[in-house]
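> fold the stuff below for me.
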Amino acid sequence: MMYLVLTAMLALNVSAAILNGYVAVDDSLHATIETTVTSNQAIYQHFEAALSQNPDKVQEWYDKAMDVKKKSEEMYTYVQNFKDEMVRMADGSDAQPNATVRQMKKQDNTNVPHNYGINMGHGTELKNKIHEFEEFLKSECSTDQALSKDIEGTFATPDGQDPDGKTVSWESTVFLEMPICATITVLTKLQNDIRNYEGKVVNYLLSATDAGDVRVNKMGAYIIPSSEYVIRGSKYRAQIILAGVDSTKAPEYYINGNKINDQGIYEVIASGTGEQRYKGQIAYQHLGETVYLPFEGKYIVGEPTATISNTDLNIMYRGYNNPFSISVPGIASDKLQVRCQGAAITKQGGFWIIKPGASSPDKMTIEVLADVDGKTSAMGSMVFRVKNLPKPNAYFENNGQLSEEMKIQRSALINPKNRIVASYGADGLIQAKFTIKGFQVKLPTGASYNIAGDKLDAKSIDAIKKLKQGNVVNIMYIKAIGPDGKEVTLRPLPLELN
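Take a look at the predicted model:
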């Protein structure tokens, strides 16, 4: 495209010879377009023939080719309408539909390209359309770097230079003060490129189907096991294939000298543990002779095992959601089952939550089972000690921070937003949620206040305001209920006013 743009810049002083030159170039481009369209039609016919022969293989690529055809036709028509509108503006009632440069009356008109392409903004719209079409074509042949590079170069719309050497936009090089014969010729060249690369991309898609390729030039034997890790008592299953084999000439499969099924499925009951090896051959016909390809395979047989770990402690707590990470080597987690008599079991994310009941025994057994080849098999078990939740400590929560310090600012203690909490602390091995049901505030004056909930009430706050620095406020008889539903009394929390 750019060589015509540069040529167009020479046409500022239009002479009859130059006009005739553009007529000749435009005529030549139209002839080339007709030839390219005929060539493209032949490619589409080949595509349709390949589709009828092998629709399963070709359909995907044929659909892509039809998309290229549709987008190319839309782009070609857009450019043609662009040309027709400029010719109509230049020739008025004398304008012919789909006119070539030869058929134009006002070949030297420089106002129309400037007005239509620059002032009315259609030049920038065209530039954007070209870029979109370029990106679409490249996306359809992304694996062919050479073709993608050609497309990028052909449909490039770089800035140019004016006679003084100053940088000007692509739109200016095509439309600014250009004779309409030059601009129309540039657009005809664009149409030629559209048809040309439509054919090249569709031909690339046709070659990608390999619809007529029935020969192979490389043979290989491969084993595809369902898993190389097998639990004793379960089946080892592997798919043995010959790469490149003609499906009309099925090969024969042999393991340790014995022929197996025609599908190449090898199954054997796993007995001894450890690494197990086997050998075989694939026999196939080539040029009238039987060819044997040897192969070797191996798999590992392990004892049934399960990995069970408590993410908090090596014990379980009654009434508490004890999180466990449970896995079995070689088996997906969705194939596992976990059982523990007397406990509620749920799965949350990657953890198993086991919650023993309030009256559960001091020891409980966790069992792990797995679905192996449609059969439920025991993978292992482990006994865990079961205890009640330990008693938490009482803390004064000041602005969300737990404080164990005996000294506290009066303003913090009487802040109605602060409260008494029960917790195992930031370093606790387990984190259970407790609810404070009530407590008693005892002051050095002898006054005491029974509080419901976890915050000081108005009367106790008023009394604390009257205390002196160094006085101790005792938080006593703190009642808390944990996730197990049991109420516990926490140790007193003495707080010295600082």
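> tell me the secondary structure for residue 27?
helix (DSSP: H, G, I helix; E, B strand; the rest coil).
> was I right about it contacting residue 100?
Yes: in terms of Cβ atoms under 8 Å, residue 27 counts as a neighbour of residue 100; the distance is 6.6 Å. For the C-beta atoms, the positions are set from N, CA and C on the backbone; glycine is no exception.
> all strands of the stretch 201-350 of the chain, in order?
Under the criterion DSSP state E, counting those that start in this stretch, the stretch 201-350 of the chain contains strands at 220-225, 229-231, 235-243, 252-255, 258-259, 265-269, 274-286, 289-302, 307-310, 315-317, 322-327, 336-339, 343-348.
> quick one: the helices in the stretch 51-200 of the chain, in order.
Remark: helices assigned in the stretch 51-200 of the chain by DSSP state H, counting those that start in this stretch are 55-91, 111-113, 122-140, 145-154, 170-175, 180-209.
> residue 208 and residue 61 touch, don't they?
Yes: applying Cβ under 8 Å, one finds residue 208 in contact with residue 61, separated by 5.7 Å.
> okay, the two: which has more neighbours?
residue 61 (21 against 16; other Cβ atoms under 10 Å).
> any idea how far residue 182 lies from residue 108?
Noted for residue 182: a distance of 10 Å to residue 108, by Cβ to Cβ, to the nearest Å.
> of the two, which one has the most company?
Using other Cβ under 10 Å as the criterion, residue 182 and residue 108 rank with residue 182 on top: 31 against 17.
> surely that one and residue 22 touch.
Yes: Residue 182 is within contact range of residue 22, at 5.9 Å (criterion: Cβ under 8 Å).
> what sits against the residue nearest to residue 175 when sequence neighbours are not counted?
In this structure, residue 175 finds its nearest non-sequential neighbour in residue 117, 2.9 Å apart by Cβ to Cβ, 6 or more residues apart in numbering. Counting by Cβ atoms under 8 Å, 6 or more residues apart in numbering, residue 117 touches 86, 123, 126, 171, 174-176, 183.
> let's see that with 10 Å instead.
82, 86, 123-127, 171-172, 174-176, 178, 183 (Cβ atoms under 10 Å, 6 or more residues apart in numbering).
> buried subset of those?
82, 86, 123-124, 126-127, 171-172, 174-176, 178, 183 (16 or more other Cβ atoms under 10 Å).
> distance check, the spatially most central residue of the chain against residue 71.
Centroid check for the chain by Cα atoms, centre = their mean gives residue 139 as the closest residue, at 18.9 Å. Separation of residue 139 from residue 71 (Cβ to Cβ): 11 Å.
> list residues touching both of those two?
residue 201.
> and residue 421, what element?
Assigned by DSSP states H and E, residue 421 belongs to strand 419-423.
> who does the helix or strand following that strand pair up with?
As assigned by DSSP H and E, the chain's next helix or strand after strand 419-423 is strand 435-442. For strand 435-442, the paired strands and their directions (DSSP bridges) are strand 448-452 (antiparallel), strand 472-481 (antiparallel).
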